[in-house]
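J.: Give me a 3D structure for the following:
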Amino acid sequence: MTVGVLAAMDDGVAQQPTIPQIRFKAETPLVLPPDLHFGETAGVGVNSQGHVFVFSRGNSASGPAFGATASQLLEFEGKGKFVREIGKNLAAWSYAHSVRIDKDDNIWAVDKGSNVVVKFNPAGRVIAIYGRRDEPTHGPHPSPQVGPAPVHRDGIFDQPTDIAWNSAGDAFITDGYVNARVAKLNKDGAWVKSWGERGTGPGQFYTPHAVAVDARDNVYIGDRGNARVQVFNSNGEFLRQFTVDALWLELAPGTPNANPIFWTPPQRRRDDPTVPKAYPRDMPMNLTRFPGAPDAMCIPPGPDQVLFVADVNPSRIYKVSLEGKILGVLGEPGEKLGQFLAMHGLACPSANTLWVADMLNWRVQKLTLDGGLRTTSQDD
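T.: Next comes the predicted model:
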């Protein structure tokens with residue numbers, strides 16, 4: 001099984017160098033009470049004590065068939081013992097998207113459905129609310145990602161996706177499916193600014209879906225719909241961009257494919273000369289299912305930082321330098337241990353430990369990387 005990237009040769013002909021496959025061990029240590037179940041696992045975070053937080057699209061059976069609430073925030077000890085549910089019956093819950101833990105162990109939940117970001121203290125009590133959900137009289141009305149660009153309003157989100165912080169405590173929120181921008185709040189929660197709009201140019205986005213901040217306070221935005229990562233400083237000034245140009249795995253005969261919802265041929269890049277000329281050049285091409293399109297990201301602590309990027313399709317994790325070079329790859333589509341279906345959240349408390357929200361398998365996997373070159377999901 002080999003993995004390749006496209007690299008232009010001097011004569012313009014593409015070649016396919018091999019990417020090392022990272023050896024890892026996978027396990028599912030989180031233990032739920034008998035009467036509790038995961039739904040789609042949208043987000044995962046880890047605090048300084050090693051406790052694991054899962055934002056699940058569960059508890060939906062308690063709502064109506066249409067527009068049911070699908071958000072449940074659960075805490076576990078690092079070895080997997082269930083601790084508690086946080087925010088049960090919270091008014092902000094609608095459709096779970098991301099959970100992150102800040103340096104003070106405050107718990108932040110980003111709810112795409114309610115357009116609200118909730119800050120809990122370590123005890124699990126609400127201490128701040130950002131954004132505001134629609135009035136119940138408005139009824140459910142998914143906002144379009146096409147058509148006229150939305151009017152951005154300070155302090156108001158439209159399907160936000162993720163959050164990260166710099167060393168000063170400023171928060172960066174990707175906002176998100178509709179607004180196509182990044183919002184910056186200061187350490188006290190005051191709105192500072194936002195940047196970005198829908199499009200394909202530098203500083204423009206099509207579904208900014210993930211965010212991570214490095215030790216130099218540079219902000220990495222997973223611009224999923226454009227299948228690229230954009231990098232900014234903490235003031236929102238564009239620095240650079242790169243793509244994780246991974247090709248398909250060469251599947252061995254009999255290898256099970258991923259869920260057919262996602263296992264589809266990648267869409268062509270917008271600058272592909274084979275794209276029909278009639279295609280509107282000012283409209284983004286949704287590359288969400290393109291291999292390497294960033295669905296989830298994290299940067300582990302430490303002096304020699306790297307970026308881990310997970311894609312929806314075909315559901316792999318790429319270890320990437322902060323400049324965008326692919327250093328290794330792990331995972332494959334499927335339902336077995338060490339296989340994934342649409343990874344939606346990543347947490348990396350160390351360079352060799354990854355917690356993965358394996359969304360369509362309705363579970364969370366813990367991966368321990370040992371630096372080898374052959375992918376495995378169990379001890380040899």
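J.: Give me the pLDDT for the residue nearest to the spatial centre of the chain.
T.: Using Cα atoms, centre = their mean, the residue of the chain that lies closest to the mean C-alpha position is A296, 2.3 Å off. Looking at A296, its pLDDT stands at 98.
J.: distance of it from I317?
T.: In this view, A296 and I317 are 9 Å apart by Cβ to Cβ, to the nearest Å. C-beta coordinates here come from the backbone N, C-alpha and C atoms, glycine included.
J.: Find the residues that touch each one of these two.
T.: Each of 309-310, 343, 346 lies in contact with both A296 and I317 under the rule Cβ atoms under 8 Å, 6 or more residues apart in numbering.
J.: which among the residues you listed gets closest to D35?
T.: Using Cβ to Cβ, M343 is the member of the shared contacts of A296 and I317 that lies nearest D35, at 27.1 Å.
J.: quick check, nearest of the shared contacts of A296 and I317 to S48?
T.: Once Cβ to Cβ is applied, the member of the shared contacts of A296 and I317 that ends up nearest S48 is L346, at 17.9 Å.
J.: quick one, phi/psi of the closest one?
T.: For L346, the backbone dihedrals (degrees, to the nearest 10) come out as phi -130, psi 140.
J.: Also the one 10 residues further on?
T.: In terms of degrees, to the nearest 10, the main-chain angles of V356 are phi -120, psi 120.
J.: Give me the local confidence score for Q145.
T.: According to the predicted model, the pLDDT of Q145 comes to 71.
J.: now do the one 10 residues further on
T.: Reading off the per-residue confidence, G155 sits at a pLDDT of 95.
J.: Looking at the shared contacts of A296 and I317, which are in strands?
T.: Using DSSP state E, the members of the shared contacts of A296 and I317 that fall in strands are 309-310, 343, 346.
J.: thinking again about what came up before, in JSON lines, list the shared contacts of A296 and I317 along with pLDDT, distance to T28 and neighbour count.
T.: Conversion of the shared contacts of A296 and I317 to JSON lines gives the following (pLDDT from 0 to 100; distance: Cβ to Cβ, whole Å; neighbours: other Cβ atoms under 10 Å):
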{"residue": "V309", "pLDDT": "98", "distance to T28": "22", "neighbour count": "29"}
{"residue": "A310", "pLDDT": "97", "distance to T28": "17", "neighbour count": "29"}
{"residue": "M343", "pLDDT": "94", "distance to T28": "14", "neighbour count": "26"}
{"residue": "L346", "pLDDT": "98", "distance to T28": "16", "neighbour count": "24"}
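J.: Identify, from the residues you listed, the entry nearest to V110.
T.: Ranking the shared contacts of A296 and I317 by separation from V110, with Cβ to Cβ as the measure, puts L346 on top at 14.2 Å.
J.: Surely the closest one touches D311?
T.: No - with contact defined as Cβ atoms under 8 Å, L346 does not count as touching D311 (11.0 Å).
J.: thinking again about what came up before, is the residue nearest to the centre of the chain bridged to anything, and to what?
T.: Beta bridges link A296 to A310, judged by DSSP bridges.
J.: hang on, it packs against M359?
T.: No - distance between A296 and M359: 9.3 Å, which falls outside the contact criterion (Cβ under 8 Å).
J.: which residues do these two both contact?
T.: With contacts defined as Cβ under 8 Å, 6+ apart, the residues adjacent to both A296 and M359 are 343-345.
J.: okay, those in CSV with distance to S194 next?
T.: Putting the shared contacts of A296 and M359 into CSV (distance: Cβ to Cβ, whole Å) gives the following:
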residue, distance to S194
M343, 27
H344, 24
G345, 23
